[in-house]
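Q: Here is the input, now give the coordinates:
(chains A, B, C and D)
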There are 4 protein chains.
Amino acid sequence: MSSHTHDMQACIAACLDCYQTCLSTALHHCLEAGGRHTEPDHMRLMMACAEMCRASAHIMLTGSSVHRQSCGACAEICSACADDCERVGDMDACVAACRACAETCRAMAA
Amino acid sequence: MSSHTHDMQACIAACLDCYQTCLSTALHHCLEAGGRHTEPDHMRLMMACAEMCRASAHIMLTGSSVHRQSCGACAEICSACADDCERVGDMDACVAACRACAETCRAMAA
Amino acid sequence: MSSHTHDMQACIAACLDCYQTCLSTALHHCLEAGGRHTEPDHMRLMMACAEMCRASAHIMLTGSSVHRQSCGACAEICSACADDCERVGDMDACVAACRACAETCRAMAA
Amino acid sequence: MSSHTHDMQACIAACLDCYQTCLSTALHHCLEAGGRHTEPDHMRLMMACAEMCRASAHIMLTGSSVHRQSCGACAEICSACADDCERVGDMDACVAACRACAETCRAMAA
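A: Coordinates of the predicted model:
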């Protein structure tokens, strides 16, 4: 994958990390904890965020310049997911992964 | 899938149609035709567009309100793919699917 | 997508239908109903089935002959998901979509 | 992602590595090299392999025990892709990633 710049490689890695964290946390931590963790809107946002991060990484891997659009959408969705995870509480790993992904995607979209 | 409004259902269908058309056309028509059809940037945009349409449908299916961001990005990427398919030529089905998807995604993002 | 036989087209459609039904049902009906519907193992199987159906359709769309392997795995996972949806109850649309997808994938894998 | 065993974590990582390598190599190295690298069946298998690896990682991340089926299919598809990359030649990174992924998926499917 030497076809990608160092910054893009770091953004792909951040997206794949956030994807894995959101998906795994939703289907393990959240489902087992219940309560606010299984509120439909929280679970839906977690799954939507996982998908957007996964797609954002994929589109960067294709090498097409339209990654700007997908990275822009990913930055906004990750930021919304981080806020919601803070509201729910006890979601520190997700908050950190979403904030890191949002920051690097925002830079890539610029 | 009665959980989604009629307009959203139509947008999900348009996204999945465009996803299938782009992916299948790139890996059958384009690879067999060669020439401008296998220019790296054209193939990359086709694959990026297929992925964004697929993700856009997925995020609408989750029911999260962040579909506005993914639909917005999808509208822009589909529009860029339609333009590029017109430039390459002999890509009428792709142009039509991308234009239709861009229009419905733009409305869903508003 | 005239590149695919009629049988394969029908299998792609069944996979995409089952994908949409499992994903949407898990994140709407199941999360809203709670109880057995949000048992972690049930939700995980629903999400795994949605992903396998989505991948199975994608691999058929590529036109590669390795669709036999992915269709075979998809048939088994859909069958397991249908059984689990029957156990949970009140999941008729999911049971039907999974059974239909399992049958057509099994034929495609042969 | 501490919800997964060490072996499963390694298999998820191998799948995501193979996914990235196949996708990026197909859309950069192969499209730029042309010749045997853009033979339709080679490109289709590369894209099918990328998708199966991605789905295999995803299904392990869900935590469902049906990962056995998807890992089994993934092992076979990766092995076929490694063989085809050896036939085409000058695809060493892909061969290595596919062989590593096939081996770990085979163990996970057992």
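
Q: can you map out the helices along chain A?
A: A:6-25, A:31-33, A:40-62, A:67-88, A:92-109 (DSSP state H).

Q: was I right about residue A:19 contacting residue A:57?
A: Yes: with contact defined as CB atoms under 8 Å, residue A:19 reaches residue A:57; the gap is 6.9 Å. In short, each C-beta sits where N, CA and C put it, glycine included.

Q: the more surrounded of these two?
A: Neighbours per residue (other CB atoms under 10 Å in any protein chain shown) separate residue A:19 from residue A:57, with residue A:57 holding more: 30 against 27.

Q: so what's the more buried one up against?
A: Contacts were defined as CB atoms under 8 Å, 6 or more residues apart in numbering or on different chains; by that measure residue A:57 touches A:12, A:15-16, A:19.

Q: Including distance to chain C, could these go into TSV?
A: Output for the contacts of residue A:57, formatted as TSV (distance: CB to the nearest CB, whole Å):
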residue	distance to chain C
A:12	20
A:15	18
A:16	16
A:19	13
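
Q: Up against chain C, what does chain A have?
A: Applying CB under 8 Å from any CB of the partner chain, we find that chain A lies next to chain C at A:27-28, A:31-32, A:34, A:38, A:40, A:43-44, A:47.

Q: Looking at those, which one is closest to residue D:6?
A: residue A:28 (15.9 Å; CB to CB).

Q: State the distance from the closest residue to residue A:32 other than its chain neighbours to residue A:43.
A: Distance criterion CB to CB, 6 or more residues apart in numbering or on different chains; nearest residue to residue A:32, sequence neighbours excluded, is residue C:40 at 6.0 Å. The gap separating residue C:40 from residue A:43 is 12 Å, by CB to CB, to the nearest Å.

Q: Please say which of the two ends up with more neighbours.
A: Of the pair residue C:40 and residue A:43, residue A:43 is the one with more neighbours under other CB under 10 Å, namely 24 against 17.

Q: For that one, report the pLDDT, please.
A: For residue A:43, the pLDDT comes out at 98.

Q: and if you look at the one 3 residues further on?
A: Per-residue confidence at residue A:46 stands at 98 (pLDDT).

Q: Also residue A:102?
A: Predicted confidence (pLDDT) for residue A:102: 98.

Q: Please list all residues in contact with residue A:54.
A: Neighbours of residue A:54 in contact, by CB under 8 Å, 6+ apart: A:15-16, A:19, B:55, D:54.

Q: Between which two of those is the distance greatest?
A: It's A:16 and B:55 that sit farthest apart of the contacts of residue A:54, by CB to CB, at 14.3 Å.

Q: What distance do you get for residue A:96 to residue A:102?
A: 11 Å.

Q: These two: who's more crowded?
A: More neighbours surround residue A:102 than the other of residue A:96 and residue A:102, with 24 against 15 (other CB under 10 Å).

Q: That one contacts residue A:72, correct?
A: No: Residue A:102 lies out of contact with residue A:72 (CB under 8 Å); the separation is 10.7 Å.

Q: Can you give me the distance of residue A:109 to chain B?
A: In this structure, residue A:109 and chain B are 10 Å apart, going by CB to the nearest CB, to the nearest Å.

Q: Which parts of stretch A:87-96 count as buried, going by neighbours?
A: For stretch A:87-96, burial by neighbour count (16 or more other CB atoms under 10 Å in any protein chain shown) applies to A:88, A:91, A:93-95.

Q: List of residues touching that stretch?
A: Stretch A:87-96 has contacts (CB under 8 Å, 6+ apart) with A:21-22, A:25, A:29, A:33, A:36-37, A:39, A:42, A:46, A:81-82, A:85-86.

Q: contacting residues for the residue nearest to residue A:32?
A: By CB under 8 Å, 6+ apart, the neighbours of residue C:40 are A:27-28, A:31-32, D:63.

Q: List, one by one, the residues from chain A near chain D.
A: Near chain D, when you scan chain A using CB under 8 Å from any CB, you find A:1, A:3-4, A:12, A:16, A:20-21, A:23-24, A:27-29, A:54, A:58, A:61-63.

Q: just the buried members of those residues?
A: Buried among the residues of chain A next to chain D (16+ other CB under 10 Å): A:1, A:4, A:12, A:16, A:20-21, A:23-24, A:27-29, A:54, A:58, A:61-63.

Q: Tell me which two of the residues you listed sit farthest apart.
A: Using CB to CB, these reach their maximum pairwise distance at A:29 and A:63, which is 34.8 Å.
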